[in-house]
Each structure stands twice: as C-alpha cells, then as structure tokens.
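Undergrad: Could you look at this predicted model? Sequence included:
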Amino acid sequence: MRHAGIAALFLMAVPSSAGAQMPAMQSPAEFDTRLGTLAAAIHQACPQSEAAAGVSARDGCAERLGHLNALSSVTSDALLWGGTQNAGFDPSKDKLTRMDAMVWRKLYLSLFAFTGTYKIETLSNGDKLLRLDAGIRPIAPEEFPYPFWHSADKWRDYLQSSQIGLLFRNNKLIAAYRHQRRCGTAPSHRPGGALCGRRRSRPQL
C-alpha cells in the first residue's frame with residue numbers, strides 16, 4: 001500500500017484550528033445566510049467537476065479546506081464525525097468519532113467532491129443542519145486515511161454517501177455526517193445537480 005500521500009496530508013493537518021475566531025451569535029436568518037456562503041465556499045474548494053483528476057484533486061481540495069475561513073470561523077478545535085443511525089442527526093444517539101477539526105477537514109472532508117447543491121434545515125431543537133450534496137472521490141483504496149474496505153458495511157456506506165451534513169448548535173459546528181439522501185428530498189439550491197442514487201462497486205484488493 002502507498003501511504004505517502006496520506007502522510008503528507010496528515011502532516012499538513014497537524015496545526016489545529018485553535019487560532020480560529022469563534023463566531024459571534026447571529027439571528028437565525030443571518031446565520032442561514034452565512035451557511036449559504038459556507039456551502040458555496042466548500043463547493044468552490046472541492047468541486048465535483050474536478051473529481052476525475054483523482055488524488056491531485058483531493059490534495060488540492062484538502063489544501064484549500066485547510067485555509068477556508070468560512071469553515072474555520074464556525075469550527076472549534078474538535079468535532080464529531082460519522083454516519084447517522086436514524087437520519088435524525090442527533091449526536092447523542094449516533095455513533096460518531098471525535099477528532100481534531102483540521103484533521104477532519106483535510107483527511108476526511110476532502111474525500112468528497114461537492115455539486116454545489118445544498119439545503120439548510122432548522123431541527124426541532126433549534127440546531128441548524130446544512131446538507132451538501134456530494135460524492136466520494138474516485139481514488140485508490142490506499143489513498144483513504146483509514147481502511148474502510150476492511151468492513152463491507154462501512155465501505156458500502158462511504159461509497160453510497162450522497163450528502164455531507166454539517167450540524168450547528170449555537171452557531172458552531174458540532175458534528176459532521178456522511179449521509180445517503182433520499183432521492184425524493186428536493187434540495188433548495190441546485191447549481192450542480194444531485195448525486196442521489198449513485199452507487200459504486202467495492203474495489204478489488
């Protein structure tokens with residue numbers, strides 16, 4: 001297996017987001033506007049249109065995410081990451097992993113390419129959920145930061161993920177999810193089209 005590319009990304013990810021300025025409280029409408037700006041910035045940093053370039057596109061995405069102020073300004077040092085168990089986006093019920101925010105941005109978020117389609121939801125407890133349509137990158141298994149393919153279920157979940165969900169509480173990002181969007185759910189903004197229903201095969205090792 002080749003891990004040089006992953007190691008380089010990890011070394012670039014070591015500096016944490018400790019220096020990032022935490023967001024001031026904003027009204028719900030103001031924060032929705034801010035989330036729309038964030039969705040556009042993530043799409044610009046990691047567009048689906050460049051995903052076919054493989055590892056080089058992933059590396060460029062990781063580098064841009066590492067310097068993305070629209071993201072760092074709403075993120076503290078750590079967050080939770082994983083799949084939602086009940087589509088309820090509840091960190092107290094989902095099995096999530098706590099990790100350094102910069103490591104997540106450069107090693108995990110960069111695995112996905114974004115269409116530019118997004119939706120903002122207000123959950124029953126007041127949390128904000130930013131849904132970003134996305135798909136996993138067409139890169140070799142050894143380029144992933146973790147051997148997901150050793151678990152058939154986890155590998156399937158990653159390959160079938162068609163959304164990244166960013167969960168905000170009190171205007172701060174507390175959890176990020178990979179999620180398979182139901183095809184019947186129409187996003188509110190569709191500049192790049194949805195990836196719903198796209199499937200890929202498990203790679204041959």
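TA: Received the coordinates, thanks.
Undergrad: Tell me how many other residues crowd K128.
TA: For K128, the count of nearby residues is 20 (other CB atoms under 10 Å). C-beta: built from backbone N, CA, C; applies to glycine.
Undergrad: Kindly report the same for Y118.
TA: 27.
Undergrad: now it, nearest residue through space, not along the chain?
TA: A39 (3.9 Å; CB to CB, 6 or more residues apart in numbering).
Undergrad: List the contacts of the one you found.
TA: Contact analysis of A39 by CB atoms under 8 Å, 6 or more residues apart in numbering lists G116, Y118, L130, L132, H189.
Undergrad: try R137
TA: A51, G54, A57, R58, L111, F112, A113.
Undergrad: and it, how far is that from C46?
TA: 9 Å (CB to CB, to the nearest Å).
Undergrad: Where does pLDDT dip in the protein?
TA: The chain contains residues with pLDDT under 70 at 1-25, 85-86, 147-149, 180-205.
Undergrad: switch to 80 and redo it
TA: Applying pLDDT under 80 to the chain flags the ranges 1-26, 85-88, 145-159, 180-205.
Undergrad: the strands in it, which residues?
TA: Taking DSSP state E as the test, the strands found in the chain are 75-83, 96-100, 112-122, 128-136, 163-169, 172-179.
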